[in-house]
Structures are given as structure tokens and as C-alpha cells.
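S.K.: Let me see the structure of the following:
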Amino acid sequence: MSKRNTITIGDFFAGIGGLRLGFQQSGYKIVYSNDNGKRSCETYRANFRDIDERDIREVDVDVIPNFDVLIAGFPCQPFSVIGKRKGLKDDRGKLFFELVRILAVKKPRAILLENVRHLIKHDGGKSFERIKQSLELLGYKVFWQILSSADFGVPQRRERLYIAGFLDHGVDFKFPIGKKTTKLKDILEHRANEQFYLSEKYYKGLLAHKKRHAKQGSGFGCEILDPNGMSHTLVAGNMGRERNLIRDVPVPKNRWGVRRLTVKECARLQGFPESFEFPVPMTAAYEQLGNAVTVAVSKAIAAKIKKLLPQSVIVNNKLSPQFSPSPLKHPVSTIGQETSSA
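M.R.: Here you go, the predicted model:
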């Protein structure tokens, strides 16, 4: 039996580590990470080293080290308003029950899950209710809240559902209330590479497409953002980037100076540190950031959970030799770190 000074984390459906970063910045130690997205694992490993790339369905729970808190951004596509919305009937939606399998054995003291806000309404609320009941049957007291990244110091309108659970039913958990807002111009690069500018032919095509939708009474189409405002939600698909255009200095490629947000700017919109690396093609980096959890929101929730998990004693917690705890490689981001909590 040994005393411990840190609270440990198991990171599942890890993506590129947005949830992990927030918890590390709040003082937690990561002892296990899993994701089987090849490109995501390339980025994760470049920044954090260890990650188990196996399909979670093939992982024996007994080889996973014990941990205090399970965090997971489980697949959101089955519950999104974009797509077929098959929910828990989708193969990706069924992966939630792999978390149930792990929780049933490991019984961590707390959990934090993240998904799209539409999960609440999916299938008339039945999907969310089944998820909630599954966690309650495992003994967890469940709390949930929709939080906007815009309230936590990053200029992005991004609303996501966060689900927290505690084995201690005496816990009265309250999600953080963000109060810091910033403007898009605060995260823009001073001089973007010309590759991010749209060709004039392509931009004219987007304007024509937008005009056709306007005649049909739809507001769908490209949009140039106000630098004194915020961006729309970053998404994995290309069309989402075309709703997040800005007007910058004119270049030969585009006399109006219209360009997409750069990868660096999108990383800032998600609260990632300046030194965060993307060793993948640009298209993959955009997709990864569109799927990521905003670090500033993760950090604020992690701090709240930590207050409810006093230092404890563990017995025979054997770490798998393949997955030793990794230190935080990057300095704390300067974007979105001053958060007020209620």
C-alpha cells in the first residue's frame, strides 16, 4: 500500500489529446491512452509519446493499469446533426459500451465524457437516457452540461455536451461557469502563407453557391468572419472551413485577401499550446482539430473534479511496462487559461 500525490487518468478515444492536455494542466498524471485512428495517433505520439493504437474492442481490461478518472471523447459522428444519425445502432456509437466494459472492471472514482450537444436530443432523447442509465447501473452519480468554448477564453462558438460521473454519491458536482471571452483577431497570425488563400475562381464559385441558397431562403454558404467577433464551430469537413473565412491582406492569388484560417489559428481556437506539433498532412490536421476537445474547457472541468477527489491510497497499482506516465511536453497555452468558475 502506498500513498500518492497525484490523481491518475485513463484517456480513451484520445484523439490528439485535447482532454488530456486540460487534465495535465490541472495536475493529473496520465497512465494509459488509447485511440486507433492512425493519423490521430501520429499527432498524439509526436506530442505525448505513449499511446495504445489497438482497437479498444481488442484490449483486455486486465492489462490496462488502474486509474482514478476515465476521460473519453467517444465517437460523436453517430449523434451529430451532420450524417446519418444512427446513434447507438452505428458501429461507432456502439463503442460507448466498450467504455462500459472498462468501467465495470476498473471502477475509477470519476469519469468525464465529451460529445456533440445533439446527443441530448438524438432519437427523442433515448440515446442519452440509455448512456446515462448505463453509467448509473455501474454505480455512478451522473451530471451533465452543455458548455461553450467561447466562454472559456477562446473565440470559437463551440457547444459540446460534457458528462461527469462519480462513485461517491455524496458529491454535488457543478460544472465551471466560464466568464472570459476573447476576439478572433487575438488569435490571428500576422502574415499567413499564400497557400491558405482561396483562388479567385474558387472564391467566386463559393459566392455563386451562397447566392443560390439565398434565393431559396437559406443562409447556407461561405462566410467571412468579423475579426472583432468569433469563429463558427471548427468541424472536420471542408465546408466548415469555408464558413470560417477571413479577409486579410491582398495577395496575387486573391486580390480581396480572402483566406481560410491556418492550422495554427485553428489550434489556438482550440486552446492548444503554440508548440503543439502536427506531423500529418494539412487536411488531416484540420480534421483532427475539428474533432478535438477544447483544452481550456477540459482544464476548467478537470480543476472542478480535482477538488472532489482528495488524495487517496492505492493498492498494487501495476503500470503496464508499455505505458509509463509521460510528462507534459508543452508549456501551458497562453490562450484561454484565465477561467472563472462558480
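
S.K.: quick one: contacts for the residue nearest the centre of the chain?
M.R.: To find the centre residue of the chain, average its C-alpha atoms and take the closest one (C-alpha atoms, centre = their mean): that gives residue 293, at 1.2 Å. Shown here is residue 293, whose contacts under the criterion C-beta atoms under 8 Å, 6 or more residues apart in numbering are 15, 18-19, 22, 73, 114, 160, 270. (Glycine included, C-beta is placed from N, CA and C.)

S.K.: please redo it, this time with the cut-off set to 10 Å
M.R.: 14-22, 71-73, 112, 114-115, 149, 158, 160, 162, 270-271, 301 (C-beta atoms under 10 Å, 6 or more residues apart in numbering).

S.K.: From residue 198, how far out is the closest residue to it other than its chain neighbours?
M.R.: On the basis of C-beta to C-beta, 6 or more residues apart in numbering, the spatially nearest residue to residue 293 that is not a chain neighbour turns out to be residue 18, at 3.5 Å. Using C-beta to C-beta, to the nearest Å, we find residue 18 at a distance of 28 Å from residue 198.

S.K.: So for these two, which sits in the more crowded spot?
M.R.: When neighbours are counted by other C-beta atoms under 10 Å, residue 18 comes out ahead of the other of residue 18 and residue 198, with 25 against 20.

S.K.: Does that one touch residue 301 like I think?
M.R.: No: with contacts defined as C-beta atoms under 10 Å, residue 18 does not count as touching residue 301, sitting 11.8 Å away.

S.K.: Give the residues shared as contacts by the two.
M.R.: Common contacts of residue 18 and residue 301, defined by C-beta under 10 Å, 6+ apart, comprise 71, 114, 293.

S.K.: Using a markdown table, please lay out those together with pLDDT, distance to residue 220 and secondary structure.
M.R.: Shown next, in a markdown table, are these (pLDDT from 0 to 100; distance: C-beta to C-beta, whole Å; DSSP: H, G, I helix; E, B strand; the rest coil):
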| residue | pLDDT | distance to residue 220 | secondary structure |
| --- | --- | --- | --- |
| 71 | 98 | 35 | strand |
| 114 | 95 | 27 | strand |
| 293 | 96 | 27 | coil |
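
S.K.: I'd like to know which of the residues you listed is nearest to residue 232.
M.R.: Set against residue 232, the nearest of these by C-beta to C-beta is residue 293 (17.3 Å).

S.K.: now that closest one: how far from residue 68?
M.R.: 19 Å.

S.K.: can you count the residues close to residue 135?
M.R.: Using other C-beta under 10 Å, the number of residues around residue 135 comes to 21.

S.K.: what helix or strand does it sit in?
M.R.: Residue 135 belongs to helix 126-137 when elements are defined using DSSP states H and E.

S.K.: So which bits of that helix are buried?
M.R.: Residues of helix 126-137 classed as buried by neighbour count (16 or more other C-beta atoms under 10 Å): 127-128, 131-132, 134-135.

S.K.: Then stretch 215-224?
M.R.: Buried, per 16+ other C-beta under 10 Å, within stretch 215-224: 221-223.

S.K.: Output the residues you listed as CSV; include the columns secondary structure, distance to residue 264 and pLDDT.
M.R.: CSV is the format used below for these (DSSP: H, G, I helix; E, B strand; the rest coil; distance: C-beta to C-beta, whole Å; pLDDT from 0 to 100):
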residue, secondary structure, distance to residue 264, pLDDT
221, coil, 26, 83
222, coil, 21, 90
223, coil, 21, 92
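
S.K.: What sits closest to residue 233 if chain neighbours are left out?
M.R.: In space, residue 233 is closest to residue 158, 4.6 Å off (C-beta to C-beta, 6+ apart).

S.K.: pLDDT score for the one you found?
M.R.: According to the prediction, residue 158 has pLDDT 94.
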